[in-house]
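Chemist: return atomic coordinates for the entry below.
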Amino acid sequence: MRHDLSWKAATKCFAVGLLVFGLTVGLAPVVGAIPISAVDGTWQNALPPLVATIVNGGPPRTARWGIPFGQPNQSGYNWTPAVPFDAPIGTPFSLGTFNHLNFPITGTSITSIDMNFSMTIDALAPNTGLFHFTHNETPNPAPDVVTISSPFLDSTFNYLGTDYIFTMLGFSQDGGATIVTNFITQEGQENIAGLYGAITPAAVPEPATMLLLGSGLIGLAGFVRRRFKK
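Modeler: Residues are numbered from 1 along each chain as shown. Below you'll find the predicted structure:
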């Protein structure tokens, strides 16, 4: 009789172990979107020094350079961060609008500038990164080229008990269907693109790992049963 009670207790413990295993590897909370409570980014470190006039008091955050030639506008960048939104899981989404005002100028143009980027997920600490934009001011009428040379920010965060990764992707002019790191901008106009990122689930245990753990629990149950049958 004593062996029967011990076997029942062992079986109960094994059942609890299987339940915990299932909850751990298979029943993590799944959400369709994650709330983004704030997006920001400020211009800094323009090169050559003192060429650009930077105003981060917007939006938009602006950088301007050059002497207008044959029209009233300087060349420059605008950055308008997105307002709070829900970011879909596994699908690129816009973080805001990037504008290159590609107008004819004389004088010196920038060759690069940095954006001090941040994104706040729900009430968590912001994800931050310094993104480097290089600028190729070509002779008119050829288009200019704006390149994000360090666009990839892989930042892990936890939301409702599940780990996710945020990644900065690059520019898109078609709603995220095509994303590039080189934004080719036409002369004599304001060129507009979205700056896109994505959120994906962090790596989960490999199937082989889960199978090994599950097999170990089953083997343990068999061992306990044989022991109590002796």
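Chemist: what helices and strands are in contact with the longest strand belonging to the chain?
Modeler: Identified as the longest strand of the chain according to DSSP state E is strand 33-47. Here strand 33-47 touches strand 53-55, strand 61-65, strand 75-81, strand 85-88, strand 93-102, strand 112-121, going by 3 or more CB pairs under 8 Å, 6 or more residues apart in numbering; DSSP states H and E. Any C-beta I mention is one placed from the backbone N, CA and C, and that applies to glycine too.
Chemist: could you check how far the shortest one is from the centre of its chain?
Modeler: Shown here is strand 53-55, whose average C-alpha point lies 26 Å from the average C-alpha point of the whole chain (CA atoms, centre = their mean, to the nearest Å).
Chemist: can you pull up the bridge partners for residue 41?
Modeler: residue 117 (DSSP bridges).
Chemist: correct me, but it touches residue 114?
Modeler: No: under the contact definition of CB atoms under 8 Å, residue 41 does not touch residue 114, with a separation of 9.8 Å.
Chemist: more neighbours, these two?
Modeler: residue 41 (24 against 17; other CB atoms under 10 Å).
Chemist: circling back: shared neighbours of residue 41 and residue 114, which are they?
Modeler: Common contacts of residue 41 and residue 114 (CB atoms under 8 Å, 6 or more residues apart in numbering): residue 131.
Chemist: stretch 115-123: how far from the chain's middle?
Modeler: 10 Å.
Chemist: my guess is residue 69 contacts residue 109. True?
Modeler: No: Residue 69 lies out of contact with residue 109 (CB under 8 Å); the separation is 11.9 Å.
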